Structure formats: C-alpha cells, structure tokens
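> the following block contains a protein sequence and its predicted model.
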Amino acid sequence: MLGRCLIRNSQYLLGAKSLLTYCRPLSDKSYVATESISPTLLKKASRLSSQLKDLESKLSSSDEFSYQDSRDYSLLVSTVETYNEFLRETENVEELQKMLHEDPSLKEEIESELTQAAPKLKRLTSKLKTKLLPPHEFAEKPCILELRPGIGGSEANLFTEDLVSMYEKYAQHHRWSYEIISRNPHPSGNGLVDAAIVINEPGSYNRLRFEAGVHRVQRVPATESKGRTHTSTAAVVVLPKIEEDDTSLNRTFLPDDIRIDVMRASGSGGQHVNTTESAVRVTHIPSGIVVLIQDERSQHKNKAKALTILKARLAEKERVEKEEKELAERKGQVSSTDRSDKIRTYNFSQNRITDHRCGYSLHNVEGCLNGYKLDEIIDALLDKETAEKSDELVKQLETKEGILN
C-alpha cells in the first residue's frame, strides 16, 4: 500500500498534460520518481507525429518511395509509437490523480495503481528523450573491442583476461554473435598481452561504446601472501565495425597509404609459429596507426582481420576528431561520458563497481564480470548522456524558435 501520496503537477504543452513527479509513502520514506520532460521536446515530438502522417499519406498515394523515405519512416514510427504511449500513460496518471481527489473511498486502490504507473511513466519519459535525440553516428553498427593491460604487472594481464571474459559473457547473455579475432597470452601463461573481440550484433556499438577507457581493479592477487590490495588497470578501446557493403563508411587505400609487412608469429602456438610467415602488420602511413594480427595460420586471413581493425580505428578517429571540434566550438559545455581516464573501478573487497562518469555504484562484482549485471551500469551512463544531450537540444530548439519568432 502506498500510504499518503505527495503529488506535484507539472504543466506542459499539448493540452497541459500533468505528470506525476513523485509519490512518497509515509511508512518507509521511499520515492517512486518520474522524470520531467521539456515542453520544447514535446513540441518536437508532436511535429514528428505530423511528419509521420504526411509520410504515410505519401506512401499510400504515390508509387515513388525512396530509400531515404523508407529510412525516415522507420525512424519516425519508432519515435511516434513511444510518444503516443507516453501520452496515454500521462493521461492515465492524470486521471488517477483526479480520482484520488474526487473519491477518497477509492484511495488505497488508486494509490496502488499510482505506484505502478509512476515507474512506467519514468521509463517512457527517458525512452522518449532518447528517441528525440539525434542518433549516434555509429549507433546501428556492430563493434570491435580492443583490450590491453595498463599498470600493475601480471595482475593487469589477469584483469585484461577477466574483462575479455566479461564481454564474451555479456554477448552470450544477449545471445549476440561474437568472435575473438586476436588473443595474445602473456608468455608466463598468466593473463593476456592484448585481445580483440568482434561483436557482430547491429547496434552493439551503441551499448558498448561506454566501455571505452581505463578500467581499474582493486583486489588481493592470488600470489599476495600478506593480503595486501593491489591496484591495476586495463584499457578498452571500442570501435565501430565497418561492413564491406557499407559504401558510406567503407574505404579503399592507395598503395602509398599503407605498408604491409609479413613475419613469423611469436608466442605459443605450435610448429607453424616458427616456420610460417603468417603474422601480418599493417601500417597506415598518414595516421601512423599500426595493426598486428597473428592469430590465424593463414596470412590472408590475418591480413583481412588487420584491415578490418584499421578501418574501424580510422572511422572512430575521425568521429572523435569531429566531436572534439564541435565541442570546442560550443560554450559552457558539461562533462561528457566519453572521458577515458579511469572510467570505472572494480573493488573486490567491497564487492563494488563504481563508474566515475555518472557516479553509479553496483554492489555485485561477480554479476558484472559474468555479464548479466553490466547493463545496469550502461543504462546509468545512457541516462546521464540522455539528460545532458536533452538539455543541449532544448537550448538549440529554443534558440531556433526565438530566431524564427
């Protein structure tokens, strides 16, 4: 039972819809909160709804329906469906509020419904905000994750191996296709020198891009006799996978742009390691990017993998440079979730994982490293990014409206 509700109405455009902002039960002082959404964003959603109707009319009355029309239609349908669901749930909450004041005899039943409606409205508000934002450039792409140890010696190598396992299990949890395209064990047999994973699921880049940066672990190594906690790090790079049939992003290289060297593979792996020149190193001369792949026995397969990673690194490099240029041109920018210095700490003694970009802490290290709890951290980062970008979009739209008026 909810107890006494404290309800604050927020008036919006489009029929002055009121939103349940919070309900507090006096028994346990807990809150069921919902987010607010700017009237400016609701006006944009309403305009998109009108655009969808116009596009549907064009579809029904014309044989000419271009690829761009089809793409626009798909995006609009997804956004407008969320908007309509948001409006229905807002109306439901508004009606419950009205009944609460008009019929005290139904108080307990209405308050019970409000406690269920509020979280749903919060999720819809967050989802609508995300839908209204311009999509990330590589949002629909598969991704490549590159991992390498940082400070901490052998413990850093072991932590790198733990993170590789975490992303494998995360992909398995979501039933996503993935492939280890490079995995180089440390000569001692403890941990990894580096690794690269391809997640073939479209849209996986948009989820896993938040993993880019330095991950820090604080734990007692198995070899530590005095029980002292050691701190180690591992670096994660997240790249969009550029498909061969993606004409907008795929690229060809001029002969003078790249240098390809072949050599014998190093490390463990059997007789072919010492007798076959299967390892391939590709150097992109203009950018200085170097990719070395030696996992396959086939030189041609290693070359193909190296070129795939090179294209991904160049695409990500260009995206970051473009984003940094845009940020530098704006004033009063807030911090971004793209910062890569010590993005997250895994503290084993406290069973805690804290992401420093959004301040979210998860007290389940095992669940995160097993993949099924990682989404909680990613969702917290996505919420923070959505809030920041929504505020920026509102400012842009309000400035544009002011100019037009």
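Received it, and whenever you're ready, just let me know what you need. Fair warning: this is a prediction, and the values are worked out from it, not measured in the lab.
> does residue 135 fall in a helix, a strand, or a coil region?
At residue 135 the chain is in coil, as set by DSSP: H, G, I helix; E, B strand; the rest coil.
> show me what contacts it?
residue 75 (C-beta atoms under 8 Å, 6 or more residues apart in numbering). For every residue, glycine as well, the C-beta is placed using N, CA and C.
> so for the one helix or strand residue 302 maps to, mean pLDDT?
Assessed by DSSP states H and E, residue 302 sits inside helix 299-329. The average pLDDT for helix 299-329 rounds to 81.
> report all helices and strands that the following helix or strand past that helix contacts.
Tracing the chain C-terminally past helix 299-329 and defining elements by DSSP H and E, one meets strand 344-347 next. Where contact means 3 or more C-beta pairs under 8 Å, 6 or more residues apart in numbering; DSSP states H and E, strand 344-347 is packed against strand 213-219, strand 352-355, helix 365-369.
> what does strand 344-347 rub up against?
Taking C-beta under 8 Å, 6+ apart as the rule, strand 344-347 contacts 159, 213, 215-219, 352-356, 365, 368-369, 377.
> chain center to the helix or strand hosting residue 159, what's the gap?
Using DSSP H and E, residue 159 falls within helix 154-173. With C-alpha atoms, centre = their mean, to the nearest Å as the basis, helix 154-173 stands 18 Å off its chain's centre.
> can I get the CA coordinates of it in CSV?
Extracted as CSV, the C-alpha positions of helix 154-173 are listed here (Å, rounded to 0.1, in the frame of the first residue of the first chain):
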residue,chain,number,x,y,z
SER,A,154,51.0,-9.6,-14.1
GLU,A,155,47.8,-8.6,-12.2
ALA,A,156,47.0,-6.1,-15.1
ASN,A,157,47.4,-9.0,-17.6
LEU,A,158,45.0,-11.1,-15.5
PHE,A,159,42.5,-8.3,-15.2
THR,A,160,42.6,-7.8,-19.0
GLU,A,161,41.7,-11.5,-19.4
ASP,A,162,38.8,-11.0,-16.9
LEU,A,163,37.4,-8.1,-19.0
VAL,A,164,37.6,-10.2,-22.2
SER,A,165,35.7,-12.9,-20.4
MET,A,166,33.1,-10.3,-19.2
TYR,A,167,32.4,-9.1,-22.7
GLU,A,168,32.2,-12.7,-24.0
LYS,A,169,29.6,-13.5,-21.3
TYR,A,170,27.8,-10.2,-22.0
ALA,A,171,27.4,-11.2,-25.6
GLN,A,172,26.3,-14.7,-24.6
HIS,A,173,23.7,-13.2,-22.2
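> quick one: mean pLDDT for it?
96.
> so the nearest residue to residue 152 once chain neighbours are set aside versus residue 284, what's the distance?
Of all residues not flanking residue 152 in the chain, residue 232 sits nearest, at 2.6 Å (C-beta to C-beta, 6 or more residues apart in numbering). Computed as C-beta to C-beta, to the nearest Å, the residue 232 to residue 284 distance reads 31 Å.
> which residues of the stretch 101-250 of the chain score low on pLDDT?
The stretch 101-250 of the chain contains residues with pLDDT under 70 at 244-250.
> which residues in it form strands?
Here the stretch 101-250 of the chain has its strands, by DSSP state E, counting those that start in this stretch, at 143-149, 178-185, 192-199, 213-219, 230-240.
> and after the last one, which helix or strand comes next?
Put plainly, it is strand 230-240. That would be, after strand 230-240 and using DSSP H and E, strand 258-263.
> strand partners of that following strand, parallel vs antiparallel please.
strand 279-284 (antiparallel) (DSSP bridges).
> what mean pLDDT does the strand it pairs with get?
Mean pLDDT, computed over strand 279-284, is 89.
> closest to residue 40 out of the helices and strands packed on strand 344-347?
Closest approach to residue 40 among the helices and strands packed on strand 344-347 (C-beta to C-beta): strand 352-355, 29.4 Å.
> pairing partners for that closest one, with directions?
Assessed with DSSP bridges, strand 352-355 is paired to strand 344-347 (antiparallel), strand 360-362 (antiparallel).
> pick the most deeply packed of those strands.
Stretch with highest mean neighbour count among the strands paired with strand 352-355: strand 344-347 (a mean of 20; mean count of other C-beta atoms under 10 Å).
> tabulate the CA atom coordinates of that strand in CSV.
Coordinates of each C-alpha in strand 344-347 appear next as CSV, following Å, rounded to 0.1, in the frame of the first residue of the first chain:
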residue,chain,number,x,y,z
ARG,A,344,35.4,2.6,-13.7
THR,A,345,36.7,0.9,-10.5
TYR,A,346,36.2,-2.7,-9.6
ASN,A,347,36.7,-3.0,-5.9
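> distance from it to the middle of the chain?
That offset, for strand 344-347, works out to 18 Å (C-alpha atoms, centre = their mean).
> could I get the contacting residues of the residue nearest to residue 211 when sequence neighbours are not counted?
Leaving aside its sequence neighbours, residue 211 sits nearest to residue 236 (C-beta to C-beta, 6+ apart; 5.1 Å). Each residue near residue 236 by C-beta under 8 Å, 6+ apart is listed here: 145, 146, 147, 163, 211, 212, 213, 214, 215.
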